[in-house]
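J.: Starting from these lines, generate the structure:
(2 chains)
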There are 2 protein chains.
Amino acid sequence: MFFQPSRISFDLPDWLEDFSKNYVSNPDLNKRMDFVIAASKRNVEQNTGGPFAAAVFEVNTGKLISLGVNLVTTQGMSILHAEIVALAIAQRKLGTYDLGKESAIPHELITSTEPCGMCLGAIPWSGVRHVATAARDEDARAVGFDEGAKPEDWIQSLTSRGVKVSTNIERESACSVLQRYIKNNGSIYNPEVS
Amino acid sequence: MFFQPSRISFDLPDWLEDFSKNYVSNPDLNKRMDFVIAASKRNVEQNTGGPFAAAVFEVNTGKLISLGVNLVTTQGMSILHAEIVALAIAQRKLGTYDLGKESAIPHELITSTEPCGMCLGAIPWSGVRHVATAARDEDARAVGFDEGAKPEDWIQSLTSRGVKVSTNIERESACSVLQRYIKNNGSIYNPEVS
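T.: I've put the predicted structure just below:
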C-alpha cells in the first residue's frame, strides 16, 4: 500500500537562534555579509552542515528577517542549500510567497557563496530585490563543490528580472571558511554520478 | 528581539494520499506520466495550487515513491514547485539526500511540465537518474508562467551529470491541464517585478 508523509519539515540547528540574536541591524552591506559568513563558519564548527550561510534582510534598514545555513547532510534533503532555507523561513515568517510584492518593504538575499544553479533559479521566484555574494563559483569548485549548470550570464538573468546583484563582498573571508571546511575533512555531498 | 521558527514545514493537500493509492506500478513510462498529469489536473480541480505535478518512481519497476504537486500559493512558499515537493518527500521517505547512491535502486522524476530554472538545478543534486517531461517550456510560457533562465542546452546539462532525459511524453494531455487552469482564472503566481 502506498504511503507518504502528509507534512514535510526540516529543523534548524539549535545554535542558530542565539547566534542570530547577536546581530544588530546594520545599513552597511559588508557588515551584513560579515554576519552571514560568521554563520557559515559556525555551521562548520558545529558540524551542522556544509560551509554555506545565507540571510534575508530588509534592504533599506539592514533588519534581519531570516538566517539559513546549509543543511543537506544533517537534514537529509538535497534542496536544503542555505539560500533555499533562508528564503523559505523568510516567506513563512512574513506569510507570503512573494517578498517583493508592492506592499512589502524591499528585501535582499545575502549569501556567503555565489548561488548554484538551483538557488539561482529560486531567487526570481522569491521576490527579493537584491542579491549579494562573497565567495565566487570558482572558489566553491576549487574545494570540490559542483555549482551546477547556470545561464552564461547569470547576473544578467537576475537583473533582467528586477534583482540587483553585488558580488565579491568580503570574498576572502568566505573563502577562508571553505578552506577550513576542507581541512576538517568536511563532506562534499555532491551526489554520486554513475 | 529577533525570532524565527526553528522548524519549517509544509502540508500536502488532503486528497493526495487517496489519489496516490489508485496508482498501480507500471513499467510503461506513458502510463506513469498519465498518472502525474492526472494529479496536476486534480490539483487544479481541488484549487490546491498551480497546474503542475511531479512524482518519483523506481525506474525499473515503476513503483511510486512520492507524488508532489505545486503548492506555491496555498502553502505560501515560492520554492514549492511540484518537482521540489516530490524530491523532498522521496528523500524524507527513503532517509537520504541522494536518491542515486550506489546502494540505491535507480530513481526517476516524472514531471508534467519541463522544469523551470530552479527545478532544473535541483535535479542533479537529488540523485535521480532519469527525468521525463510532458508540456514544454513554451507551453507554460504560452499561458503566462515564467520558466526562468536556463542553460542554453538544459538537457545536456543533465545528461552530462548522468541524468537521462525524455521529453514530449503525453505533451497534449499536460497542455490541456494548463489551458483548463487559465480558463478557470487560476493564479499566475510570478512575483511582481518592479
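J.: For the longest helix along chain A, name the packing helices and strands.
T.: Criterion DSSP state H: the longest helix present in chain A is helix A:29-45. Contacts defined by 3 or more Cβ pairs under 8 Å, 6 or more residues apart in numbering or on different chains; DSSP states H and E place helix A:29-45 against helix A:15-21, strand A:53-58, strand A:64-69, strand A:107-113, strand A:130-135, helix A:171-183. C-beta coordinates here come from the backbone N, C-alpha and C atoms, glycine included.
J.: Could you rerun that using 6 Å?
T.: Applying 3 or more Cβ pairs under 6 Å, 6 or more residues apart in numbering or on different chains; DSSP states H and E, one finds that helix A:29-45 contacts strand A:53-58, strand A:64-69, strand A:107-113, helix A:171-183.
J.: Of these, which is nearest chain B?
T.: strand A:64-69 (5.3 Å; Cβ to the nearest Cβ).
J.: report the angle between the axes of the closest one and strand A:107-113?
T.: Orientation check (axes from the mean of the first three to the mean of the last three Cα atoms, to 10 degrees): strand A:64-69 against strand A:107-113 gives 30 degrees.
J.: circling back: now the angle between strand A:130-135 and the longest helix of chain A, please.
T.: Going by the same axes, to 10 degrees, helix A:29-45 is angled at 50 degrees with respect to strand A:130-135.
J.: what pLDDT, on average, does the helix or strand harbouring A:Gln156 get?
T.: Taking DSSP states H and E as the criterion, A:Gln156 maps to helix A:154-159. Summarised as a single mean, pLDDT over helix A:154-159 is 98.
J.: what sits up against it?
T.: By Cβ atoms under 6 Å, 6 or more residues apart in numbering or on different chains, the surrounding residues in contact with helix A:154-159 are A:120, A:151, A:165, B:149.
J.: Can you tell me which of those residues is nearest A:Ala88?
T.: Nearest to A:Ala88 among the contacts of helix A:154-159 is A:Leu120, at 16.1 Å by Cβ to Cβ.
J.: For the closest one, give me its contacts.
T.: By Cβ under 6 Å, 6+ apart, the neighbours of A:Leu120 are A:150, A:154.
J.: So it belongs to a strand, correct?
T.: No. Counting by DSSP: H, G, I helix; E, B strand; the rest coil, A:Leu120 is located in no strand; its state is helix.
J.: Number of residues surrounding A:Gly144?
T.: 14 (other Cβ atoms under 10 Å in any protein chain shown).
J.: nope, A:Ser103 is what I meant
T.: A:Ser103 has 7 nearby residues by other Cβ under 10 Å.
J.: leaving aside the residues next to it on the chain, what's closest to A:Gln75?
T.: Nearest residue to A:Gln75 in three dimensions, chain neighbours excluded: A:Phe10, at 4.6 Å (Cβ to Cβ, 6 or more residues apart in numbering or on different chains).
J.: how would you label that neighbour: helix, strand or coil?
T.: strand.
J.: what does the longest helix of chain A rub up against?
T.: A:19, A:23, A:26, A:49, A:51-53, A:55, A:57, A:62, A:67, A:69, A:110, A:112, A:132, A:134, A:169-170, A:173-174, A:177, A:181.
J.: For the one helix or strand A:Ala140 maps to, give the mean pLDDT please.
T.: Here A:Ala140 sits within helix A:137-142, counting by DSSP H and E. Mean pLDDT, computed over helix A:137-142, is 96.
J.: repeat for stretch A:64-72
T.: Stretch A:64-72 comes out with an average pLDDT of 97.
J.: Buried residues in it, which are they?
T.: Neighbour-count burial for stretch A:64-72 flags A:64-72 (criterion: 16 or more other Cβ atoms under 10 Å in any protein chain shown).
J.: Same list (these) but as TSV, adding distance to B:Lys93.
T.: What follows is those, written out as TSV (distance: Cβ to Cβ, whole Å):
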residue	distance to B:Lys93
A:Leu64	34
A:Ile65	31
A:Ser66	27
A:Leu67	28
A:Gly68	23
A:Val69	24
A:Asn70	22
A:Leu71	18
A:Val72	17
